[in-house]
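# this one's structure only:
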């Protein structure tokens, strides 16, 4: 591999070259020696190099063959690093709790998030992601009608740790960037085994996000049940369903599980 090889812009490759930024990302997610960590889109191994000083098992996942070969040469026979030349979506994560520290390809942001927080949520423990600012901001904002984002907010807490200057990358991206922290909630009221049922429920109630809370609940509960739930959970019956917090939406789901027979659930 030529040392002066430039990242290909249309693939979303913008290598992170800011050592302080990488250190902040690792510190936020509290990487320990026993942790298993994924570096998705490992590129030239800048993040992987920093991780080596903190933990004993790293999966560096890279779908560019030239970069994957470079990583194999760089890390050689280091037993702590396993180079995965593969699209991350086709990588079967280890059946152990894992964390992620990565500068993810901006063009694949939504796919990375779903891969971690839905597909592999049984083992995903948290992440520090260097990513485009706009989707990071949407995850931290309240309300909304995207079922997938509301699913994420039910099980995870999000924090924009900092905005990132373009000169922290080579080449600099043309869009704003951020370091996003993702922490799995410890006391989530919905078990992971319910994730598919909960996802179906979210898609059902957000078919018409401008509909008011009472009307939506009456499509699942009897009218009297819906009114009791609104009172019990301190909901505003005339508010739009999209104005409810993820916690309130999850609480309504729990009530559905308790009082609505399975055959009548979404």
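That came through fine. Predicted, not measured: the structure shown is a model, and the values here were computed from it. Numbering: from 1, shown residues only.

# all strands for the protein, in order.
Ranges of strands within the chain are 15-16, 36-40, 57-62, 81-85, 98-103, 124-132, 156-164, 169-170, 177-184, based on DSSP state E.

# tell me the angle the third one makes with strand 98-103.
The reference is to strand 57-62. Here strand 57-62 runs at an angle of 40 degrees relative to strand 98-103 (axes from the mean of the first three to the mean of the last three CA atoms, to 10 degrees).

# list the buried ones in stretch 78-97?
Neighbour counts over stretch 78-97 (16 or more other CB atoms under 10 Å) mark 81, 83-84, 88, 91, 93 as buried. (Glycine included, C-beta is placed from N, CA and C.)

# which one of these is nearest residue 262?
Proximity of these to residue 262, judged by CB to CB, is greatest for residue 93, which lies at 30.6 Å.

# Which single one of the buried residues of stretch 78-97 is nearest to residue 71?
The nearest member of the buried residues of stretch 78-97 to residue 71, counting by CB to CB, is residue 83 at 4.8 Å.

# any chance you could map the helices in the chain?
Assigned by DSSP state H, the helices in the chain fall at 19-28, 46-52, 65-75, 109-114, 133-140, 147-155, 195-205, 213-217, 223-232, 246-259.

# closest to residue 171 out of those?
So among those, helix 46-52 is nearest, using CB to CB, at 14.3 Å.

# by contact count, what packs against the closest one?
strand 15-16, helix 19-28, strand 36-40, strand 57-62, strand 98-103 (3 or more CB pairs under 8 Å, 6 or more residues apart in numbering; DSSP states H and E).

# can I get those in CSV with mean pLDDT?
Compiled in CSV, these are given as follows (pLDDT from 0 to 100):
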stretch, mean pLDDT
strand 15-16, 84
helix 19-28, 95
strand 36-40, 97
strand 57-62, 97
strand 98-103, 97
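
# Could you list the domains of the protein?
9-184, 192-264 (automatic domain parsing).

# So which of the ones you listed is the most surrounded?
Mean neighbour count, computed with mean count of other CB atoms under 10 Å, is highest for domain 9-184 among these, reaching a mean of 18.

# Can you say which of the helices of the chain is nearest to residue 125?
Go through the helices of the chain one by one with CB to CB and the one that ends up closest to residue 125 is helix 147-155, at 11.6 Å.

# What are the contacting residues of the closest one?
The contact list for helix 147-155, computed with CB atoms under 8 Å, 6 or more residues apart in numbering, reads 113-114, 117-118, 121, 138-139, 144, 158, 184-185, 188, 190, 192, 195, 198-199, 202-203, 206, 246-247, 249-250.

# and the gap between the residue of the chain most remote from its centre and residue 231?
The outermost residue of the chain, judged by C-alpha distance from the chain's mean C-alpha position using CA atoms, centre = their mean, is residue 224 at 37.5 Å. To residue 231, residue 224 is 11 Å away according to CB to CB, to the nearest Å.

# next one: residue 159
When distances are taken as CB to CB, residue 159 and residue 231 turn out to be 33 Å apart.

# which one of the strands of the chain lies closest to residue 236?
It's strand 156-164; of the strands of the chain, that one is closest to residue 236 (CB to CB) at 24.6 Å.

# how many degrees apart are the closest one and helix 246-259 in direction?
Using the same axes, to 10 degrees, the interaxial angle of strand 156-164 with respect to helix 246-259 works out to 160 degrees.

# Including distance to residue 168, could the helices of the chain go into TSV?
Formatted as TSV, those follow (distance: least, CB to CB, whole Å):
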stretch	distance to residue 168
helix 19-28	5
helix 46-52	11
helix 65-75	19
helix 109-114	17
helix 133-140	13
helix 147-155	26
helix 195-205	35
helix 213-217	43
helix 223-232	48
helix 246-259	31
